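> Sharing a model that was predicted from the sequence below.
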Amino acid sequence: MTTTEPEVYYDPYDFEIDADPYPVWKRLRDERPLYYNERYDFFAVSRFVDVERALVDWRTYISGRGTVLEIIRSGMQMPPGSFIFEDPPTHDVHRSLMSRVFTPRKVAAIEPKVREFCTRSLDPLVGAGGFDFIADLGAQMPMRTIGMLLGIPESDQEAIRNRSDEALRLNDPSMPEHDARRNVAEEMMHNEFAEYIDWRAVHPSDDLMTELLHAEFEDHTGVTRRLTKEEILGYCSLLAGAGNETTTRLIGWTGKILADHPDQRRQLVEDRGLIPNAIEELLRYEPPSPVQARVLAADVEHDGRTVPKDSVMLLLNAAANRDERKFDEPDRFDIHRKIGHHLTFGYGIHFCLGAALARLEGRVALDEVLQRFPTWEVDWDNAVQARTSTVRGWERLPVFTP
């Protein structure tokens, strides 16, 4: 007697799938390289070559209507300055201003402060018998780093981070109504950031907000001007959300995966020079931001089928990072892997502007953890996976330490 496997189903809001999406994504790559979800009316591609091609082709796969499925479906207008939700030419103008801040030299210069933030978080935990990779480190160091860059007082940073977390959290396994999240985000921007912007306008300092307030540039219409307050609010909201969430998830996956691979963790303890490539493999193996959405500006061909203009296409970059057509034994975690390039930070004009900062924070966090805690085991009875549609990782990841 033979049995027929049910038709593959992928749903970005399904908690059961999200707990371990890789078997579903493998079936998509093998059986449905162009997948269609009727419930939410979206297409999806999962093979490395298809995701990479779509990320590069910004003219066809546009970001200006949103890069998250529920944002696109809501039809909301994104605030100016949120350049990840923009297309050229406005995208290029807004991104170029921010790229002045995230140069390799400027990112490298903040490493001592990142180490200091890790030290503040980790030193009190030595000898305590355990700590939480999220609550005690992942939710602290990235928050302080972004807060420092923006010039947000530490006393206010946690409230802003909590608002960002709440805006992302899924309460049930279905597409959320975006209005509630939008209200939270707008309240955060206008109640918190607006005050800082007004204050910085008359009290300049050596921070990103001051730099944005005084930057002069030529916009896409050829006018030389400064940023509007709304544009600066868009920048601040984007950085506060993206800068906190993705690195927090990376740190959580670092704790989980290295607990699963104690032999490789031991190698890192013995040779810290392996840490940069280990972070790269962690990013490939468990991308903090696994799915990107685009809207088609024209009909496209995929797998012998035509996908019509105005369709929503999900680009499953985490699935692409485990594509056997690109990587040997992609489901095997290997800190020695020669990766080439992965798609965790995107590709093309929307390549993550904060990639160098995320790599720095991940590398420093792992180095500082290993200095104090060469071994740990996950407390699975109290670990909790986060549920969002945009980032994937842990809400709580407590560990036992000797």
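Yep, it's here. Numbering: from 1, shown residues only.

> helix or strand for the spatially closest residue to residue 153 that is not a sequence neighbour, which one?
Once flanking residues are discounted, residue 153 sits nearest to residue 147: 7.7 Å by C-beta to C-beta, 6 or more residues apart in numbering. Any C-beta I mention is one placed from the backbone N, CA and C, and that applies to glycine too. Residue 147 belongs to helix 141-150 when assigned by DSSP states H and E.

> from the middle of its chain, how far away would the following helix or strand past that helix be?
Next in sequence after helix 141-150, counting helices and strands by DSSP H and E, comes helix 154-168. Its chain's C-alpha centre and that of helix 154-168 lie 16 Å apart, by C-alpha atoms, centre = their mean, to the nearest Å.

> List the buried residues for helix 154-168?
Within helix 154-168, the residues scored as buried using 16 or more other C-beta atoms under 10 Å are 157, 160-161, 163-165, 167-168.

> Kindly report the same for stretch 291-311.
In stretch 291-311, counting by 16+ other C-beta under 10 Å, buried: 291-297, 300, 302, 307, 311.

> Tell me how far residue 267 lies from residue 257.
Going from residue 267 to residue 257 by C-beta to C-beta, to the nearest Å gives 14 Å.

> Could you do residue 14 as well?
Distance, residue 14 to residue 257, by C-beta to C-beta: 23 Å.

> show me what contacts the residue nearest to residue 153?
Applying C-beta atoms under 8 Å, 6 or more residues apart in numbering, we find residue 147 in contact with 153-154, 156-157, 160.

> between those, which is closest to residue 116?
The closest of the contacts of residue 147 to residue 116 turns out to be residue 154 (C-beta to C-beta; 12.4 Å).

> Residue 146 is in contact with the closest one, correct?
No - under the contact definition of C-beta atoms under 8 Å, residue 154 does not touch residue 146, with a separation of 11.5 Å.

> what about the chain, any weak spots by pLDDT?
1-4, 167, 178-191 (pLDDT under 70).

> Going along the chain, name the strands of the stretch 1-150 of the chain.
Under the criterion DSSP state E, counting those that start in this stretch, the stretch 1-150 of the chain carries strands at the ranges 34-37, 42-45, 61-62, 130-132.

> So which of those is nearest residue 223?
Of these, nearest to residue 223 by C-beta to C-beta is strand 61-62, at 24.1 Å.

> what's the distance between that closest one and the middle of its chain?
Distance of strand 61-62 from the chain centroid (C-alpha atoms, centre = their mean) equals 19 Å.

> Surely residue 256 touches residue 396?
No - the criterion here is C-beta under 8 Å, and residue 256 misses it with residue 396 at 11.4 Å.

> Same drill for these two, tell me which one is more crowded.
Neighbour tally, residue 256 and residue 396, criterion other C-beta atoms under 10 Å: the higher count belongs to residue 256, 20 against 16.

> so can I have a markdown table of the buried residues of stretch 291-311 showing distance to residue 41 and secondary structure?
Formatted as a markdown table, the buried residues of stretch 291-311 follow (distance: C-beta to C-beta, whole Å; DSSP: H, G, I helix; E, B strand; the rest coil):
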| residue | distance to residue 41 | secondary structure |
| --- | --- | --- |
| 291 | 16 | coil |
| 292 | 17 | strand |
| 293 | 12 | strand |
| 294 | 14 | strand |
| 295 | 12 | strand |
| 296 | 13 | strand |
| 297 | 17 | coil |
| 300 | 16 | strand |
| 302 | 16 | strand |
| 307 | 12 | strand |
| 311 | 8 | coil |
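
> ok, then the element right after whichever helix in the chain runs longest?
The single longest helix within the chain, with elements called by DSSP state H, is helix 229-260. Using DSSP H and E, the next helix or strand after helix 229-260 towards the C-terminus is helix 262-270.

> ok, back up a step: any chance of the buried residues of stretch 291-311 in TSV with distance to residue 280 as columns?
TSV is the format used below for the buried residues of stretch 291-311 (distance: C-beta to C-beta, whole Å):
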residue	distance to residue 280
291	20
292	20
293	25
294	25
295	31
296	31
297	33
300	31
302	29
307	32
311	33
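
> which among those gets closest to residue 49?
Taking C-beta to C-beta as the measure, residue 49 lies nearest residue 302 of these, at 11.0 Å.

> three-state assignment of residue 392?
coil (DSSP: H, G, I helix; E, B strand; the rest coil).

> Pull the contacting residues for it.
By C-beta under 8 Å, 6+ apart, the contact set of residue 392 is 18, 21, 249, 286-290, 318, 386.

> Next, name the residue at the spatial heart of the chain.
Per C-alpha atoms, centre = their mean, the C-alpha nearest to the average position across the chain is that of residue 246, at 3.6 Å.

> So it sits against residue 290, correct?
No - with contact defined as C-beta under 8 Å, residue 246 does not count as touching residue 290 (10.8 Å).

> who touches both of those two?
residue 391.

> and stretch 29-48, how far from the chain's centre?
Relative to its chain's centre, stretch 29-48 lies at 22 Å (C-alpha atoms, centre = their mean).

> same check, this time on stretch 281-298
Averaging C-alpha positions (C-alpha atoms, centre = their mean) puts stretch 281-298 9 Å from its chain's average.

> Could you tell me the end-to-end distance of it?
35 Å (C-alpha to C-alpha, to the nearest Å).

> Please apply the same query to stretch 293-313.
Terminal residues of stretch 293-313 lie 6 Å apart, using C-alpha to C-alpha.

> any residues touching that stretch, and which ones?
Taking C-beta under 8 Å, 6+ apart as the rule, stretch 293-313 contacts 33-34, 41-45, 50, 54, 59-69, 71-73, 314-315.

> where does it sit relative to the chain's centre, distance-wise?
Its chain's C-alpha centre and that of stretch 293-313 lie 24 Å apart, by C-alpha atoms, centre = their mean.

> Between residue 14 and residue 257, which is the more surrounded one?
Ranked by neighbour count (other C-beta under 10 Å), residue 14 and residue 257 place residue 257 first, with 18 against 14.

> Looks like that one contacts residue 284 (just checking).
No - in this structure, residue 257 is not within contact of residue 284 by C-beta under 8 Å, at 11.2 Å.
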